[in-house]
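Provided below are the primary sequence and the corresponding predicted coordinates.
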Amino acid sequence: LASADLAKQGVGNFSLQKIAQGLAPEADDAEKGRSDLYFLCTEILGYKDVWPELHQDYCKFISPYSNPARKKLDLMPREHFKTTLGTVGVAVQEIINDPNTTILIVNAIWENARKMLDEIKFHFEKNERFKAVYGDWVGNKWSENEIVVNRRTRAIQTPTISTAGSDKATTSQHFKRIIHDDLVCRQNISTMAQIEKVIKVYKDSLDLLDKVVGRLIVHGTRWSFYELYGWLLKHHGKDFAVYTRRAVEKGKIIFPNRFTKETLRELKRQKGVYEFSAQYFNYVMDVKGSLVKQADVNYYTDDDLREYLKRNPLFITMVFDGAVEVNDEACETAITVVGTTIRDEWVLLDERVGHWDPVEAVGMMVNAIETWRPRKFGMQKTMFEKLYRVALERELSQKKVYAPEIIELSVNPQVSKHMQIMSLRPRIERRALYWKPEHERFEVAGRQYPNTTSKDVLDSLSRHTELAEVPYSPSSSSPGSRFMGQSLTVEKERLPWNI
């Protein structure tokens, strides 16, 4: 056959060289595909629309046969082939290397995970180039939800590939490989309950991962300040090999055969700068008009607090902001505890937020009072919270627990909730509010405000203005030293918005 005829049949340059040497190309191609993901995807699976400079590098990172890291997090811009190469390609490579492997593919929506499986099945069923190199793998168990290849050498209960979604859990199985592909989407980032549900899907999957040989991949694109990927980077970044790319790097478009400057400009114009920045640059910008900006992050540690208390007192206040309903879609009940320093700085000592029934809410209040012994305790002056006050005073009396001064907080009809919450902004801006990294409910709500429905912790915190007092420090006649926390170092970077 002429070279042109071979090319039409999908035989790549590597194979042509082997034919010229009188060698069987399939055996060499099969071995190369097992070790080289980029070769497998382009020369055997037929994905030709790649960009070598970008996707060779990506394949080296994501393939377990070139990078054996146990946990990987890759943040690629949208439509940059992370599913094609990192899910479909990786799954096929895993199977041809280990017919006894077990893989779980998870997406935010189960149907999307099944579509990924459909693409994988296509290569085993109909990709003639793949079948010529690797032969027949189609087994008897071959459905839209899961497959078992016919090359297995051991009896294994778990399928070769299973699928799941955040809307469809998988239990009682164990997998050598778990691929989370786009667990975060627009439909699950609106409320804290949705965000925490996605994080729980990830946590639950750890129970399904083989503890000896298991490897886990998380593919994604940033959506907001706080979602699964932000949570992983903040709390578990050291456990992951992390790969992050942006649509434009050092002034160059990284996938130029798919995206042009005009295409990116149009996306930026249609999506808006915030969403475009997150999805195509994996960079989460400050929300316009947000309460807390990235440069405002002002963390403290338990050691900072202990060091301060060796020299100076705190005036501790607590505010309860109750919710009428208990269901997951309703507002939440929030309790915040603040310590005011001798320089009129606020230290957020505790935040407790949840959908609690009245008994649970009273129990939370009693526990927080026992823990922090606040001087003043604020509750709104409504009939609903008056009932809570009666129940709280009864519980404190029966338990013989320290009882703070309870203050009824009035509701001023001339001050909107937005104005009340934004009254915290000057204090945050002058770095006179400290919180711990684990105080995520406040930080998330503050970073996303006003584009969030989870405002209850902000409502509660803003009412401390009516309770807080600067404590007297007999040990010093001077104003005292500043409460020193650990400010977040913010990299000031210029993003290529002029594309």
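Cool, got the structure. Numbering: from 1, shown residues only.

what's the host helix or strand of Gln398 packed up against?
Gln398 is part of helix 383-399, with elements assigned from DSSP states H and E. Applying 3 or more C-beta pairs under 8 Å, 6 or more residues apart in numbering; DSSP states H and E, one finds that helix 383-399 contacts helix 358-372, strand 376-380, strand 405-409. All C-beta spots, glycine's among them, are computed from the backbone N, C-alpha and C.

Determine the angle, from 0 to 180 degrees, between it and strand 376-380.
150 degrees (axes from the mean of the first three to the mean of the last three C-alpha atoms, to 10 degrees).

so how far is helix 383-399 off the chain centroid?
39 Å (C-alpha atoms, centre = their mean, to the nearest Å).

okay, the helices and strands packed on helix 383-399, which one's buried deepest?
Among those, ranked by average contacts under mean count of other C-beta atoms under 10 Å, first place goes to strand 376-380 (a mean of 22).

Please identify the pairing partners of that one and their relative orientation?
strand 315-321 (parallel), strand 405-409 (parallel) (DSSP bridges).

rewinding a little: the helix holding Gln398 relative to helix 358-372, how many degrees between them?
Calculated by the same axes, to 10 degrees, helix 383-399 forms an angle of 60 degrees with helix 358-372.

List the neighbours of helix 383-399 that are in contact with it.
Contact partners of helix 383-399, identified using C-beta atoms under 8 Å, 6 or more residues apart in numbering, comprise 320, 322, 324, 358, 361-362, 365-366, 369, 379, 401-403, 406, 408.

tell me the mean pLDDT over that helix?
Summarised as a single mean, pLDDT over helix 383-399 is 86.

before we move on, back to that, return the item of the contacts of helix 383-399 having minimum pLDDT.
Val324 (66).

Out of the helices and strands packed on helix 383-399, which gets nearest to Arg186?
helix 358-372 (31.9 Å; C-beta to C-beta).

Put the alpha carbons of stretch 392-406 into CSV.
Output of stretch 392-406 as CSV, limited to C-alpha atoms (Å, rounded to 0.1, in the frame of the first residue of the first chain):
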residue,chain,number,x,y,z
LEU,A,392,-32.6,29.8,76.5
GLU,A,393,-33.1,31.4,79.9
ARG,A,394,-34.9,28.3,81.2
GLU,A,395,-32.1,26.0,79.9
LEU,A,396,-29.4,28.1,81.4
SER,A,397,-31.2,28.2,84.7
GLN,A,398,-31.8,24.5,84.8
LYS,A,399,-28.2,23.7,83.9
LYS,A,400,-26.9,26.4,86.3
VAL,A,401,-24.8,27.7,83.5
TYR,A,402,-23.2,31.2,83.4
ALA,A,403,-25.8,33.6,81.9
PRO,A,404,-24.6,36.6,79.9
GLU,A,405,-26.6,39.9,79.7
ILE,A,406,-29.2,39.3,77.0
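
can you offset everything so residue one is 42?
Yes, from this point I'll number from 42; that puts the last item at stretch 433-447.

next one: that stretch to chain centre, how far?
40 Å.

That one: which residues count as buried?
Leu433, Glu436, Leu437, Pro445 (16 or more other C-beta atoms under 10 Å).

Likewise for stretch 163-182?
Within stretch 163-182, the residues that qualify as buried by neighbour count (16+ other C-beta under 10 Å) are His164, Phe165, Asn168, Arg170, Phe171, Ala173, Val174, Tyr175, Trp178.

was I right about the third one contacting Tyr88?
What that stands for is Asn168. No. Asn168 lies out of contact with Tyr88 (C-beta atoms under 8 Å); the separation is 10.8 Å.

what sits in contact with each of these two?
In terms of C-beta under 8 Å, 6+ apart, Asn168 and Tyr88 are not both contacted by any residue.

re earlier: for the helices and strands packed on helix 424-440, give me a markdown table that also has distance to Asp248.
Formatted as a markdown table, the helices and strands packed on helix 424-440 follow (distance: least, C-beta to C-beta, whole Å):
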| stretch | distance to Asp248 |
| --- | --- |
| helix 399-413 | 27 |
| strand 417-421 | 40 |
| strand 446-450 | 44 |
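
Next secondary structure element downstream of the helix or strand encompassing Glu67?
According to DSSP H and E, Glu67 maps onto helix 66-76. Using DSSP H and E, the helix or strand that follows helix 66-76 in sequence is helix 78-80.

where does the stretch 342-491 of the chain have low pLDDT?
The model of the stretch 342-491 of the chain has pLDDT under 70 over residues 365-371, 424.

Which of the helices and strands packed on helix 424-440 sits closest to Gly487?
strand 417-421 (19.7 Å).

check contacts around the residue most central in space within the chain.
The C-alpha lying nearest the average C-alpha coordinate of the chain belongs to Leu269 (C-alpha atoms, centre = their mean; 1.5 Å). Taking C-beta under 8 Å, 6+ apart, we find Leu269 in contact with Leu224, Val225, Ile236, Val239, Ile240, Tyr243, Val259, Gly261.
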